[in-house]
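> Quick one, structure for this:
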Amino acid sequence: MALTEEEKRRIAIERTAELRGRIAPYLKASEEIETGFKLAERFARRKEELKKFFGAGEEEWNDWHWQIRNRISDVETLAELVNLTPQEADEVARVGARYRWAISPYYASLMDPDNPRCPIRLRAVPSINEITDVYGVPDPMAEEYTSPAPRITRRYPDRLIINVTNQCGMFCRHCQRRRNIGEVDQPARDEEIQAALDYIRANPEIRDVLITGGDPFTLEDDKIDWILTELDSMPHVEIKRIGSATPVTLPQRITQRLCDMLGRHLPLYLNAHFNHPKEVTPAAQEACLRLARAGVGLGNQAVLLRGINNDPYVMKKLNHELLRIMVRPYYIFHAKSVQGTTHFVTTVQDGLEIMENLRGYTSGLAIPWYIINAPEGHGKTPIVPQYLISMGRDYVLIRNWEGKVFKYPNGYVQP
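Residues are numbered from 1 along each chain as shown. So this is what the prediction gives:
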(Lines give C-alpha, C1' and ligand atoms only; values in the text may rest on other atoms or scores of the structure.)
Protein backbone atom coordinates (compact mmCIF):
# COMPACT_ATOMS: atom_id res chain seq x y z
CA MET A 1 0.00 0.00 0.00
CA ALA A 2 1.42 3.40 -1.01
CA LEU A 3 2.32 5.84 1.73
CA THR A 4 0.53 9.11 2.02
CA GLU A 5 2.34 12.42 1.55
CA GLU A 6 2.01 13.04 5.28
CA GLU A 7 3.65 9.69 6.07
CA LYS A 8 6.48 10.38 3.61
CA ARG A 9 7.06 13.79 5.21
CA ARG A 10 7.15 12.21 8.69
CA ILE A 11 9.85 9.75 7.52
CA ALA A 12 11.88 12.63 6.07
CA ILE A 13 11.60 14.61 9.31
CA GLU A 14 12.75 11.62 11.36
CA ARG A 15 15.70 11.12 9.01
CA THR A 16 16.59 14.80 9.29
CA ALA A 17 16.69 14.51 13.07
CA GLU A 18 18.99 11.50 12.75
CA LEU A 19 21.33 13.39 10.42
CA ARG A 20 21.37 16.40 12.72
CA GLY A 21 22.45 14.11 15.55
CA ARG A 22 25.32 12.79 13.45
CA ILE A 23 26.72 16.25 12.75
CA ALA A 24 26.22 17.57 16.30
CA PRO A 25 29.59 16.37 17.73
CA TYR A 26 31.51 18.11 14.96
CA LEU A 27 29.54 21.33 15.31
CA LYS A 28 30.30 21.40 19.02
CA ALA A 29 34.01 20.65 18.51
CA SER A 30 34.21 23.16 15.66
CA GLU A 31 33.41 26.01 18.02
CA GLU A 32 36.71 25.37 19.82
CA ILE A 33 38.92 24.89 16.75
CA GLU A 34 41.06 27.94 16.06
CA THR A 35 40.97 29.26 12.51
CA GLY A 36 42.70 32.11 10.75
CA PHE A 37 39.42 33.93 10.28
CA LYS A 38 38.38 33.60 13.93
CA LEU A 39 41.79 34.90 15.01
CA ALA A 40 42.04 37.64 12.38
CA GLU A 41 41.99 40.49 14.91
CA ARG A 42 44.62 38.81 17.10
CA PHE A 43 46.81 38.20 14.07
CA ALA A 44 46.42 41.85 13.02
CA ARG A 45 47.65 42.97 16.45
CA ARG A 46 50.59 40.57 16.28
CA LYS A 47 51.42 41.89 12.83
CA GLU A 48 51.65 45.42 14.20
CA GLU A 49 53.86 44.19 17.05
CA LEU A 50 56.22 42.49 14.59
CA LYS A 51 56.29 45.50 12.30
CA LYS A 52 57.34 47.62 15.27
CA PHE A 53 59.95 45.03 16.29
CA PHE A 54 61.49 45.00 12.81
CA GLY A 55 61.07 48.74 12.30
CA ALA A 56 59.01 48.06 9.18
CA GLY A 57 56.12 49.87 7.58
CA GLU A 58 53.13 48.39 5.79
CA GLU A 59 54.84 48.62 2.41
CA GLU A 60 57.84 46.65 3.65
CA TRP A 61 55.64 44.04 5.37
CA ASN A 62 53.81 43.47 2.08
CA ASP A 63 57.07 43.10 0.14
CA TRP A 64 57.92 39.41 -0.17
CA HIS A 65 61.59 40.21 -0.67
CA TRP A 66 61.56 41.99 2.70
CA GLN A 67 59.87 38.98 4.27
CA ILE A 68 62.59 36.67 2.90
CA ARG A 69 65.42 38.96 4.00
CA ASN A 70 63.98 39.18 7.52
CA ARG A 71 63.26 35.52 8.14
CA ILE A 72 63.80 34.63 11.78
CA SER A 73 66.64 32.14 12.02
CA ASP A 74 68.35 32.70 15.37
CA VAL A 75 67.28 31.89 18.90
CA GLU A 76 67.78 35.42 20.20
CA THR A 77 65.27 36.92 17.74
CA LEU A 78 62.83 34.06 18.21
CA ALA A 79 62.94 34.53 21.99
CA GLU A 80 61.95 38.18 21.51
CA LEU A 81 58.81 37.10 19.69
CA VAL A 82 57.64 33.99 21.57
CA ASN A 83 58.10 32.96 25.16
CA LEU A 84 60.79 30.29 25.33
CA THR A 85 62.00 28.61 28.48
CA PRO A 86 65.80 28.42 28.86
CA GLN A 87 65.56 24.71 28.01
CA GLU A 88 63.52 25.40 24.87
CA ALA A 89 65.98 28.07 23.75
CA ASP A 90 68.89 25.71 24.29
CA GLU A 91 67.14 22.94 22.34
CA VAL A 92 66.38 25.25 19.40
CA ALA A 93 70.06 26.24 19.29
CA ARG A 94 71.17 22.60 19.40
CA VAL A 95 68.83 21.60 16.57
CA GLY A 96 69.84 24.67 14.57
CA ALA A 97 73.46 23.53 14.68
CA ARG A 98 72.40 20.51 12.61
CA TYR A 99 69.29 21.51 10.68
CA ARG A 100 68.54 24.86 9.10
CA TRP A 101 65.44 26.72 10.14
CA ALA A 102 63.87 30.04 9.16
CA ILE A 103 60.44 31.59 9.73
CA SER A 104 58.97 34.46 7.74
CA PRO A 105 57.75 37.40 9.86
CA TYR A 106 54.27 36.86 8.45
CA TYR A 107 54.17 33.22 9.58
CA ALA A 108 55.64 34.20 12.94
CA SER A 109 52.69 36.58 13.40
CA LEU A 110 50.39 33.53 13.44
CA MET A 111 52.25 31.82 16.30
CA ASP A 112 50.79 31.88 19.81
CA PRO A 113 53.65 33.39 21.84
CA ASP A 114 52.54 31.65 25.03
CA ASN A 115 51.58 28.17 23.85
CA PRO A 116 54.41 25.79 22.88
CA ARG A 117 51.78 23.38 21.48
CA CYS A 118 50.48 25.97 19.03
CA PRO A 119 50.27 24.14 15.66
CA ILE A 120 52.01 27.04 13.92
CA ARG A 121 54.92 26.84 16.34
CA LEU A 122 55.11 23.06 16.02
CA ARG A 123 55.39 23.35 12.26
CA ALA A 124 57.93 26.20 12.31
CA VAL A 125 60.08 26.04 15.46
CA PRO A 126 62.76 23.33 15.79
CA SER A 127 62.15 20.51 18.27
CA ILE A 128 64.75 18.49 20.15
CA ASN A 129 63.06 15.43 18.64
CA GLU A 130 64.76 16.28 15.36
CA ILE A 131 68.21 15.33 16.66
CA THR A 132 67.09 12.42 18.83
CA ASP A 133 65.30 10.68 15.93
CA VAL A 134 66.68 7.15 15.45
CA TYR A 135 64.10 5.92 12.93
CA GLY A 136 64.15 8.30 10.00
CA VAL A 137 66.30 8.10 6.87
CA PRO A 138 67.50 11.03 4.75
CA ASP A 139 65.71 10.03 1.53
CA PRO A 140 62.85 7.57 2.11
CA MET A 141 61.50 8.32 -1.38
CA ALA A 142 64.79 7.29 -3.01
CA GLU A 143 64.70 10.41 -5.16
CA GLU A 144 68.41 10.06 -5.86
CA TYR A 145 67.63 6.83 -7.72
CA THR A 146 64.69 8.25 -9.72
CA SER A 147 66.57 11.15 -11.31
CA PRO A 148 67.40 10.39 -14.96
CA ALA A 149 68.50 13.99 -15.60
CA PRO A 150 69.60 17.01 -13.55
CA ARG A 151 66.83 18.34 -11.27
CA ILE A 152 64.38 15.66 -12.49
CA THR A 153 62.49 13.15 -10.36
CA ARG A 154 60.48 10.61 -12.35
CA ARG A 155 58.35 7.88 -10.78
CA TYR A 156 55.44 7.58 -13.20
CA PRO A 157 54.97 6.93 -16.93
CA ASP A 158 53.55 10.31 -18.01
CA ARG A 159 54.69 12.92 -15.47
CA LEU A 160 57.71 14.13 -13.55
CA ILE A 161 59.10 16.75 -11.19
CA ILE A 162 61.56 19.59 -11.77
CA ASN A 163 63.26 20.67 -8.54
CA VAL A 164 64.21 24.30 -9.16
CA THR A 165 65.49 25.54 -5.77
CA ASN A 166 66.22 24.62 -2.16
CA GLN A 167 64.83 27.93 -0.84
CA CYS A 168 61.52 28.36 1.01
CA GLY A 169 59.74 31.24 2.66
CA MET A 170 59.69 29.12 5.83
CA PHE A 171 61.38 25.76 6.37
CA CYS A 172 58.74 23.32 7.61
CA ARG A 173 60.04 21.04 10.35
CA HIS A 174 58.48 18.00 8.62
CA CYS A 175 60.08 18.75 5.23
CA GLN A 176 60.63 15.64 3.10
CA ARG A 177 63.62 17.24 1.35
CA ARG A 178 65.47 18.66 4.34
CA ARG A 179 68.57 16.89 3.08
CA ASN A 180 68.64 19.46 0.26
CA ILE A 181 68.12 22.59 2.35
CA GLY A 182 71.74 23.13 3.37
CA GLU A 183 72.76 26.45 4.92
CA VAL A 184 72.55 28.68 1.83
CA ASP A 185 69.70 29.44 -0.54
CA GLN A 186 70.74 27.89 -3.86
CA PRO A 187 68.34 28.13 -6.82
CA ALA A 188 69.12 25.70 -9.62
CA ARG A 189 71.58 27.03 -12.17
CA ASP A 190 70.12 27.92 -15.55
CA GLU A 191 72.11 25.17 -17.22
CA GLU A 192 70.65 22.60 -14.81
CA ILE A 193 67.11 23.73 -15.54
CA GLN A 194 67.88 23.74 -19.26
CA ALA A 195 69.10 20.14 -18.99
CA ALA A 196 65.85 19.20 -17.26
CA LEU A 197 63.83 20.96 -19.96
CA ASP A 198 65.84 19.19 -22.65
CA TYR A 199 65.01 15.85 -21.02
CA ILE A 200 61.29 16.66 -21.05
CA ARG A 201 61.48 17.80 -24.67
CA ALA A 202 63.14 14.50 -25.63
CA ASN A 203 60.50 12.37 -23.90
CA PRO A 204 57.13 13.01 -25.56
CA GLU A 205 55.24 10.72 -23.20
CA ILE A 206 55.57 13.41 -20.50
CA ARG A 207 52.28 15.31 -20.47
CA ASP A 208 52.33 16.70 -16.90
CA VAL A 209 55.21 18.59 -15.26
CA LEU A 210 55.33 19.58 -11.59
CA ILE A 211 57.68 22.43 -10.68
CA THR A 212 58.75 22.15 -7.07
CA GLY A 213 61.68 22.65 -4.70
CA GLY A 214 62.13 24.08 -2.09
CA ASP A 215 59.53 26.57 -3.20
CA PRO A 216 59.45 27.67 -6.85
CA PHE A 217 57.81 30.96 -5.91
CA THR A 218 61.01 32.07 -4.19
CA LEU A 219 62.36 32.46 -7.72
CA GLU A 220 61.87 35.77 -9.48
CA ASP A 221 58.91 36.15 -11.83
CA ASP A 222 61.13 36.21 -14.93
CA LYS A 223 62.74 32.88 -14.07
CA ILE A 224 59.35 31.22 -13.51
CA ASP A 225 58.08 32.77 -16.73
CA TRP A 226 61.04 31.33 -18.65
CA ILE A 227 60.44 27.80 -17.34
CA LEU A 228 56.72 27.91 -18.09
CA THR A 229 57.32 29.39 -21.55
CA GLU A 230 59.73 26.56 -22.38
CA LEU A 231 57.17 23.98 -21.23
CA ASP A 232 54.43 25.71 -23.25
CA SER A 233 56.58 25.30 -26.35
CA MET A 234 56.44 21.49 -26.02
CA PRO A 235 53.25 20.18 -27.68
CA HIS A 236 53.21 17.02 -25.56
CA VAL A 237 53.19 18.92 -22.22
CA GLU A 238 49.48 19.31 -21.60
CA ILE A 239 49.48 20.77 -18.08
CA LYS A 240 51.92 22.40 -15.67
CA ARG A 241 51.76 22.27 -11.90
CA ILE A 242 53.52 24.26 -9.21
CA GLY A 243 53.97 23.12 -5.61
CA SER A 244 54.22 26.12 -3.29
CA ALA A 245 53.69 26.86 0.38
CA THR A 246 53.87 30.63 -0.13
CA PRO A 247 50.06 31.09 0.05
CA VAL A 248 50.43 29.66 3.57
CA THR A 249 53.75 30.98 4.85
CA LEU A 250 54.40 34.00 2.61
CA PRO A 251 51.16 35.19 0.95
CA GLN A 252 52.85 38.51 0.11
CA ARG A 253 54.60 36.60 -2.68
CA ILE A 254 51.34 36.22 -4.60
CA THR A 255 51.50 39.61 -6.27
CA GLN A 256 49.28 40.80 -9.08
CA ARG A 257 52.33 40.87 -11.35
CA LEU A 258 53.02 37.20 -10.60
CA CYS A 259 49.39 36.27 -11.22
CA ASP A 260 49.24 38.20 -14.49
CA MET A 261 52.26 36.24 -15.65
CA LEU A 262 50.86 32.88 -14.50
CA GLY A 263 47.60 33.64 -16.29
CA ARG A 264 49.49 33.60 -19.59
CA HIS A 265 50.50 29.95 -19.06
CA LEU A 266 47.21 28.14 -18.57
CA PRO A 267 46.34 25.33 -18.00
CA LEU A 268 48.29 25.72 -14.78
CA TYR A 269 47.58 24.24 -11.36
CA LEU A 270 49.00 25.08 -7.95
CA ASN A 271 49.03 22.79 -4.93
CA ALA A 272 49.43 24.65 -1.65
CA HIS A 273 50.48 23.22 1.71
CA PHE A 274 47.95 24.24 4.37
CA ASN A 275 48.03 21.91 7.38
CA HIS A 276 45.87 23.60 10.01
CA PRO A 277 42.81 25.89 9.98
CA LYS A 278 44.84 28.63 11.73
CA GLU A 279 46.80 29.03 8.50
CA VAL A 280 43.69 29.93 6.49
CA THR A 281 43.83 33.67 7.16
CA PRO A 282 42.44 36.74 5.36
CA ALA A 283 45.91 37.25 3.86
CA ALA A 284 45.96 33.66 2.57
CA GLN A 285 42.46 34.16 1.19
CA GLU A 286 43.54 37.27 -0.69
CA ALA A 287 46.49 35.39 -2.20
CA CYS A 288 44.41 32.38 -3.25
CA LEU A 289 41.58 34.43 -4.73
CA ARG A 290 44.13 36.41 -6.74
CA LEU A 291 45.49 33.15 -8.16
CA ALA A 292 41.99 31.84 -8.84
CA ARG A 293 41.02 35.01 -10.70
CA ALA A 294 44.09 34.51 -12.89
CA GLY A 295 42.71 31.10 -13.87
CA VAL A 296 45.13 29.01 -11.80
CA GLY A 297 43.52 25.83 -10.47
CA LEU A 298 44.10 25.50 -6.71
CA GLY A 299 44.49 22.35 -4.63
CA ASN A 300 45.97 21.50 -1.26
CA GLN A 301 48.35 18.78 -0.16
CA ALA A 302 48.22 18.46 3.61
CA VAL A 303 50.48 16.18 5.61
CA LEU A 304 49.03 14.21 8.52
CA LEU A 305 51.09 15.49 11.46
CA ARG A 306 50.98 14.26 15.04
CA GLY A 307 49.90 17.03 17.41
CA ILE A 308 48.95 19.38 14.58
CA ASN A 309 46.10 17.91 12.55
CA ASN A 310 45.70 14.20 13.36
CA ASP A 311 42.16 14.83 14.53
CA PRO A 312 39.05 14.20 12.39
CA TYR A 313 37.38 17.45 13.34
CA VAL A 314 40.50 19.59 12.84
CA MET A 315 41.07 18.09 9.40
CA LYS A 316 37.44 18.55 8.41
CA LYS A 317 37.55 22.17 9.58
CA LEU A 318 40.72 22.72 7.56
CA ASN A 319 39.04 21.35 4.43
CA HIS A 320 35.98 23.52 4.96
CA GLU A 321 38.12 26.63 5.45
CA LEU A 322 40.07 25.82 2.29
CA LEU A 323 36.95 25.62 0.17
CA ARG A 324 36.00 29.08 1.45
CA ILE A 325 39.14 30.45 -0.23
CA MET A 326 38.73 28.47 -3.49
CA VAL A 327 41.28 25.75 -2.63
CA ARG A 328 40.22 22.16 -3.26
CA PRO A 329 41.55 19.60 -0.72
CA TYR A 330 43.53 17.19 -2.89
CA TYR A 331 45.74 14.92 -0.77
CA ILE A 332 46.35 14.09 2.86
CA PHE A 333 49.81 12.55 2.87
CA HIS A 334 50.85 10.14 5.58
CA ALA A 335 54.04 11.67 6.98
CA LYS A 336 57.18 10.12 5.54
CA SER A 337 59.90 8.73 7.81
CA VAL A 338 62.39 11.45 6.96
CA GLN A 339 65.36 11.73 9.30
CA GLY A 340 64.59 14.30 11.98
CA THR A 341 60.83 14.28 11.45
CA THR A 342 59.46 10.97 12.74
CA HIS A 343 58.01 12.61 15.85
CA PHE A 344 55.31 13.89 13.47
CA VAL A 345 54.42 10.42 12.12
CA THR A 346 50.98 9.15 13.13
CA THR A 347 49.38 5.74 12.88
CA VAL A 348 47.58 4.76 9.70
CA GLN A 349 44.50 4.31 11.90
CA ASP A 350 44.57 8.08 12.50
CA GLY A 351 44.30 8.68 8.78
CA LEU A 352 41.54 6.13 8.30
CA GLU A 353 39.55 7.60 11.18
CA ILE A 354 39.77 11.00 9.51
CA MET A 355 38.51 9.54 6.21
CA GLU A 356 35.65 7.74 7.98
CA ASN A 357 34.62 11.08 9.48
CA LEU A 358 34.68 12.85 6.12
CA ARG A 359 32.90 10.50 3.72
CA GLY A 360 29.15 11.11 4.08
CA TYR A 361 29.63 13.70 6.79
CA THR A 362 30.63 16.49 4.41
CA SER A 363 30.52 17.37 0.72
CA GLY A 364 32.70 15.46 -1.70
CA LEU A 365 34.66 18.62 -2.50
CA ALA A 366 35.95 18.56 1.09
CA ILE A 367 37.23 14.97 0.88
CA PRO A 368 40.84 14.55 -0.28
CA TRP A 369 42.63 11.27 -0.93
CA TYR A 370 44.57 9.81 1.99
CA ILE A 371 47.92 8.73 0.53
CA ILE A 372 50.85 6.65 1.71
CA ASN A 373 53.94 6.98 -0.46
CA ALA A 374 55.26 3.49 -1.05
CA PRO A 375 58.90 3.13 0.08
CA GLU A 376 61.84 3.89 -2.20
CA GLY A 377 59.89 5.93 -4.72
CA HIS A 378 57.31 3.32 -5.70
CA GLY A 379 54.49 5.81 -5.84
CA LYS A 380 51.39 7.16 -4.15
CA THR A 381 49.07 4.52 -2.71
CA PRO A 382 45.52 5.55 -1.75
CA ILE A 383 44.37 4.23 1.62
CA VAL A 384 40.60 4.10 2.04
CA PRO A 385 38.19 2.57 4.55
CA GLN A 386 36.78 -0.77 3.46
CA TYR A 387 33.43 -0.13 1.81
CA LEU A 388 33.36 -3.27 -0.36
CA ILE A 389 32.70 -6.22 1.97
CA SER A 390 32.47 -9.08 -0.51
CA MET A 391 31.94 -9.71 -4.22
CA GLY A 392 30.00 -12.50 -5.87
CA ARG A 393 29.08 -13.24 -9.45
CA ASP A 394 25.61 -11.72 -9.17
CA TYR A 395 25.93 -9.20 -6.36
CA VAL A 396 28.30 -7.36 -4.04
CA LEU A 397 27.96 -6.45 -0.39
CA ILE A 398 28.78 -2.81 0.32
CA ARG A 399 28.98 -0.73 3.48
CA ASN A 400 27.93 2.89 3.42
CA TRP A 401 29.29 5.80 5.50
CA GLU A 402 26.88 5.01 8.34
CA GLY A 403 28.00 1.39 8.59
CA LYS A 404 24.84 0.01 7.00
CA VAL A 405 25.33 -3.04 4.75
CA PHE A 406 23.56 -3.42 1.41
CA LYS A 407 23.31 -6.11 -1.23
CA TYR A 408 23.86 -4.53 -4.65
CA PRO A 409 23.53 -6.14 -8.11
CA ASN A 410 26.82 -6.94 -9.85
CA GLY A 411 25.55 -6.06 -13.29
CA TYR A 412 22.19 -7.00 -14.72
CA VAL A 413 21.33 -10.07 -16.83
CA GLN A 414 19.26 -9.09 -19.84
CA PRO A 415 16.10 -11.20 -20.28
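
> Could you measure from L250 over to N70?
To N70, L250 is 11 Å away according to C-beta to C-beta, to the nearest Å. (C-beta placed from N, C-alpha, C; glycine too.)

> Overlap in contacts, these two.
S104 (C-beta atoms under 8 Å, 6 or more residues apart in numbering).

> quick one, which of the two is more surrounded?
Each of L250 and N70 has its neighbours counted (other C-beta atoms under 10 Å); L250 has more, 26 against 22.

> which phi and psi does that one have?
phi -150, psi 60 (degrees, to the nearest 10).

> Look up how far A97 lies from it.
For L250, the distance to A97 - C-beta to C-beta - is 25 Å.

> what do you get for L197?
38 Å.

> now K223
With C-beta to C-beta as the criterion, K223 and A97 are 32 Å apart.

> who's more crowded, the two?
Comparing K223 with A97 by neighbour count (other C-beta under 10 Å), the higher total belongs to K223, at 17 against 8.

> I'd guessed the more buried one sits against A188; true?
No - using C-beta atoms under 8 Å, K223 is not in contact with A188; the gap is 9.4 Å.

> residues shared between the contacts of the two?
V164.

> ok, A272 - how many residues close by?
Neighbours of A272 (other C-beta under 10 Å): 27.

> One more: the one 3 residues further on?
For N275, the count of nearby residues is 27 (other C-beta under 10 Å).

> Can we start the residue count at 6 from this point?
Okay, using 6 as the starting number, the last item reads as N280.

> what residues are up against it?
P124, R128, V253, A307, V308, L310, I313, N314, L323.

> Got the confidence number for it?
In this model, N280 is scored at 98, pLDDT.

> Make sure it is indeed in a strand.
No - the assignment for N280 (DSSP: H, G, I helix; E, B strand; the rest coil) gives coil, which keeps it out of a strand.

> Would you mind measuring from it to G312?
11 Å.

> shared neighbours, those two?
Joint contacts of N280 and G312 (C-beta under 8 Å, 6+ apart) are P124.

> Okay, helices next: where are they in the stretch 106-255 of the chain?
110-113, 124-129, 134-137, 195-206, 226-237, 251-254 (DSSP state H, counting those that start in this stretch).

> With mean pLDDT and distance to A292 as new columns, can those be given to me in CSV?
Shown next, in CSV, are the helices of the stretch 106-255 of the chain (pLDDT from 0 to 100; distance: least, C-beta to C-beta, whole Å):
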stretch, mean pLDDT, distance to A292
helix 110-113, 98, 11
helix 124-129, 98, 17
helix 134-137, 96, 29
helix 195-206, 98, 25
helix 226-237, 98, 15
helix 251-254, 98, 5
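
> Would you convert the ones you listed into TSV that also reports distance to E46?
As requested, the helices of the stretch 106-255 of the chain are exported to TSV (distance: least, C-beta to C-beta, whole Å):
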stretch	distance to E46
helix 110-113	16
helix 124-129	16
helix 134-137	33
helix 195-206	43
helix 226-237	33
helix 251-254	20
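
> okay, those, which one's buried deepest?
Highest mean neighbour count among the helices of the stretch 106-255 of the chain (mean count of other C-beta atoms under 10 Å): helix 251-254, with a mean of 29.
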